[in-house]
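**Student:** Predicted model and sequence follow; I will ask about them next.
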Amino acid sequence: MLHPLTSKMKREARNAQKPEHSRLCEDFEHCATKRFACAVTSEVFPGMIHLMQIIRDDLRGPEIAALLEFHLKDFEPHSPPESRHALDLDGLRHPNVHFYTAWEDNELLGCGAFKHLDEKHAEIKSMRTDPSHLRKGVARAILAHLIEEARAAGLQRLSLETGPMAHFAPARTLYEAFGFTYCEPFGSYREDPYSVFMTRGLHN
């Protein structure tokens, strides 16, 4: 649901308190954009506010474990094991990973993360919308939030790996809409017929 971003809503967003949610991690207070509907920026819906919360998550909730299990299984028909690069729960709990979940009325909508590669460069990971919440702008909101959090963390570039097959076309279209362009393999990646690579700077 979308509403005009009125002065009252802006004030409520600025004054929003930490939600009473058992899955929030202790670092919530350090979330650079902690506020009601914090995901929505000018890159998503100019002048609008989306009634969802995006939070830094500690990956302890059963809903998150179930969504990530679905995320991993979704890759199985499309690439061999050696060409699957999604992180599992343990990988996402690494200190160099910033993991976020989107919620509305205590219902999990989706998740996303970025993993530090070095002090200035990070990789987008675990972008996934719950199947019951597709086509609601969840992925756009999460991606916009990741970009803003990466900027706030002092990063200068975000990159990602995804698939070249038709199954991943919606993801590629989303990334293209946010300014990601195709690039050579980065980090520890190598050329792979099951992978394409994309990147964008964070200077604007």
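**Tutor:** Done, it's in.
**Student:** going forward, measure contacts between C-alpha atoms and count neighbours the same way
**Tutor:** OK.
**Student:** ok, now which ones touch the residue nearest the centre of the chain?
**Tutor:** Centroid check for the chain by Cα atoms, centre = their mean gives Gly112 as the closest residue, at 2.7 Å. For Gly112, the contact set (Cα atoms under 8 Å, 6 or more residues apart in numbering) comprises Phe99, Tyr100, Thr101, Ile124, Lys125, Ser126, Met127, Arg128, Ile142, Leu143, Leu146.
**Student:** in which helix or strand would I find Ser159?
**Tutor:** Assessed by DSSP states H and E, Ser159 sits inside strand 157-162.
**Student:** buried residues in whichever helix or strand comes after that strand?
**Tutor:** Scanning forward in sequence from strand 157-162 by DSSP H and E, the next helix or strand is helix 169-177. Neighbour-count burial for helix 169-177 flags Ala171, Arg172, Tyr175 (criterion: 16 or more other Cα atoms under 10 Å).
**Student:** pLDDT weak spots in the chain?
**Tutor:** For the chain, the stretches flagged by pLDDT under 70 are 1-50, 204.
**Student:** C-alpha coordinates for the strand holding Ser159, CSV please?
**Tutor:** C-alpha atoms of strand 157-162 as CSV (Å, rounded to 0.1, in the frame of the first residue of the first chain):
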residue,chain,number,x,y,z
ARG,A,157,30.9,0.0,-5.1
LEU,A,158,28.4,-2.8,-5.1
SER,A,159,28.7,-5.9,-7.3
LEU,A,160,26.7,-9.1,-7.7
GLU,A,161,26.5,-12.5,-9.4
THR,A,162,23.3,-13.9,-10.9
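**Student:** which residues sit against that strand?
**Tutor:** By Cα under 8 Å, 6+ apart, the list of residues contacting strand 157-162 reads 120-125, 147, 150, 168, 171-172, 180, 186, 195-202.
**Student:** Okay, and which of those map to helices?
**Tutor:** Ile147, Ala150, Ala171, Arg172 (DSSP state H).
**Student:** Distance-wise, check the spatially closest residue to the last one that is not a sequence neighbour relative to Glu119.
**Tutor:** Nearest in space to Arg172, with sequence neighbours left out and distances taken as Cα to Cα, 6 or more residues apart in numbering, is Thr162 at 7.6 Å. When distance is defined by Cα to Cα, to the nearest Å, Thr162 is 23 Å away from Glu119.
**Student:** These two: which has the busier surroundings?
**Tutor:** Ranked by neighbour count (other Cα atoms under 10 Å), Thr162 and Glu119 place Thr162 first, with 19 against 11.
**Student:** All set, thanks.
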